[in-house]
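This is a predicted model, with the sequence first.
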Amino acid sequence: MSIILADGLSALATQTHAIPLLDALLPLLAPTWRLSPIVIATQARVALADPIGQALHADASLILIGERPGLSSPDSLGAYLTWAPRPGRTDAERNCVSNIRPQAGLDYETAAHKIAALLHEARRLRLTGVQLREPDLATFSPPASIPDT
């Protein structure tokens, strides 16, 4: 899996929230996901995760990106995940967990559980986007080993 940290429309969001979110997320992914080196991108948009994921031969890509700043939310982080990333993927082929910012949005632990659950379900079904329903977080627990694929 490839992980991309991107400034997007709010560098403040990425600077403030990406590392604490990864601290909460990575234990939920290990040891079942093999991670490529983390990529840091500037002036990025969500679709940048597709060519990066493809170049890194990743099963999935996860881009953590600053969302559009509003008058009351200049630091909102979004997480977009795509199964089988490659150029040409559409937004309908991605899942998003948005408004990650503990004081006025999703806290890191809740966001990490949502992202991990979506990633594990994406791998099981081999798809993301509108066809992937958000798993029930109350029953989600990360697998203890890499599933046979």
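Everything's here; your move.

hey, let's count contacts and neighbours off CA atoms from now on
Fine.

Can you show me the helices along this structure?
11-29, 49-55, 108-125 (DSSP state H).

Could you point out which of the ones you listed sits nearest Asp75?
Evaluated over these, closeness to Asp75 peaks at helix 11-29, with 3.9 Å, by C-alpha to C-alpha.

list the helices and strands the closest one packs on?
In terms of contacts (3 or more C-alpha pairs under 8 Å, 6 or more residues apart in numbering; DSSP states H and E), helix 11-29 is packed against strand 2-6, strand 60-66, strand 77-83, helix 108-125.

how far does that helix sit from the chain's center?
Helix 11-29 sits 10 Å away from the centroid of its parent chain (C-alpha atoms, centre = their mean, to the nearest Å).

now stretch 30-42
Here the centre of stretch 30-42 is set off from its chain's centre by 10 Å, with C-alpha atoms, centre = their mean.

list the buried ones in that stretch?
Within stretch 30-42, the residues scored as buried using 16 or more other C-alpha atoms under 10 Å are 33, 35, 41.

from those residues, which is closest to Leu9?
Ala41 (12.1 Å).

Spatially nearest residue to that closest one (excluding sequence neighbours)?
In space, and not counting its chain neighbours, Ala41 is closest to Ala6: 4.8 Å by C-alpha to C-alpha, 6 or more residues apart in numbering.

Could you do Arg34 as well?
Sequence neighbours aside, Met1 is the residue nearest to Arg34 in space, at 6.0 Å (criterion: C-alpha to C-alpha, 6+ apart).

Neighbours of the one you found, how many?
Counted by other C-alpha atoms under 10 Å, the residues lying close to Met1 total 22.

Kindly report the same for Gly70.
If we define neighbours as other C-alpha under 10 Å, then Gly70 has 10 of them.

Please apply the same query to Tyr108.
Neighbour count of Tyr108, defined by other C-alpha under 10 Å: 21.

what do you get for Gly88?
By other C-alpha under 10 Å, the residues close to Gly88 number 10.

Show the pLDDT at it.
The score at Gly88 is 96. That number is its pLDDT.
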